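J.: build the 3D model from these lines:
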Amino acid sequence: MKKILVSVMIIALVVGITGVGFAAYFSDTETSSGNAFTAGTLDLQVDNDPGGEEWEVLWQDSVPVMTEVWTDFGNMAPGFYADPSVGIRNVGSVAGVPGISFENMTEIAGDDASADLAENVDVKVYYGENWPTDKTTNLVASGTLAAWNVAGKQQATGFDLVDDGEGYFFMEFSIATDVGNEIQGDSLSGLDIVLHLDQVQ
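T.: From the prediction side, this is the model:
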């Protein structure tokens with residue numbers, strides 16, 4: 001029994017010495033200190049009237065009511081056509097994909113007590129990086145104004161807008177000549193044209 005106890009003690013001593021040996025290996029550390037992390041930004045600005053008077057570029061953070069800058073939408077009739085455009089610029093540091101949506105429209109019935117104007121206004125939206133040469137080059141989407149008027153129904157362009165990059169939305173609004181009296185006196189109000197910029201995935 002005594003020999004067994006002595007053997008166990010010797011084994012424990014050897015293991016302890018071996019462990020100390022492992023702990024004594026060389027080591028070294030280097031530290032990178034004072035690091036900082038900053039999130040980038042997406043920031044969309046708008047030129048409400050590209051190619052306007054004296055080619056003046058007016059970058060700002062909002063889009064005006066259409067009748068203030070573009071075309072008179074107050075006397076629409078069969079054969080109506082308007083093609084307003086708007087420039088956009090990414091003044092942030094992160095690339096984004098531009099998009100557009102038409103939201104919050106209210107229809108008001110006219111002479112026949114039926115609101116039919118939105119169903120008869122055709123809308124086409126194009127996108128490009130060059131004004132005005134890309135005016136009908138890249139069709140984003142088309143349909144009646146009624147079909148566009150869905151909250152959150154954004155139509156993405158599929159193009160990347162890099163930091164400090166510029167692009168243009170070209171819009172066409174029209175009413176076919178075969179539309180009749182069903183739209184007479186109808187009106188639309190509260191329509192929001194929303195320009196989007198979503199981070200490139």
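
J.: drop to CA atoms for contacts and neighbour counts, all remaining ones
T.: Noted.

J.: where along this structure do the helices fall?
T.: Counting by DSSP state H, one finds helices in the chain at the ranges 2-23, 66-69, 117-120, 145-148.

J.: report pLDDT for the residue lying closest to Ser174 once chain neighbours are set aside.
T.: Using CA to CA, 6 or more residues apart in numbering and skipping the chain neighbours, the partner closest in space to Ser174 is Tyr81 (4.4 Å). pLDDT, Tyr81: 93.

J.: so who does Tyr81 touch?
T.: Glu172, Phe173, Ser174, Ile175 (CA atoms under 8 Å, 6 or more residues apart in numbering).

J.: relative to Asp112, which of the residues you listed is nearest.
T.: The nearest member of these to Asp112, counting by CA to CA, is Ile175 at 18.3 Å.

J.: so that closest one touches Phe80, yeah?
T.: Yes: shown here, Ile175 and Phe80 form a contact pair, counting by CA atoms under 8 Å, at 5.2 Å.

J.: these two: who's more crowded?
T.: Set Ile175 next to Phe80 and count neighbours by other CA atoms under 10 Å: Ile175 wins out with 21 against 14.

J.: on that earlier part again, what separation do you get for the residue nearest to Ser174 and Ile175?
T.: 7 Å (CA to CA, to the nearest Å).

J.: check Thr38 too.
T.: 49 Å.

J.: got it, and Leu191?
T.: Leu191 is 17 Å from Ile175, by CA to CA.

J.: one more: Trp148?
T.: 15 Å.

J.: what about this structure, any weak spots by pLDDT?
T.: Low-confidence segments of the chain (pLDDT under 70): 1-23, 49, 51-58, 62-72, 151-152.

J.: go again with 50.
T.: 5-6, 8, 13, 17, 20-21, 54-55, 67 (pLDDT under 50).

J.: how about the strands in it?
T.: Here the chain has its strands, by DSSP state E, at 44-47, 59-60, 81-82, 85-90, 96-103, 106-108, 122-128, 139-144, 155-156, 166-174, 187-189, 192-199.
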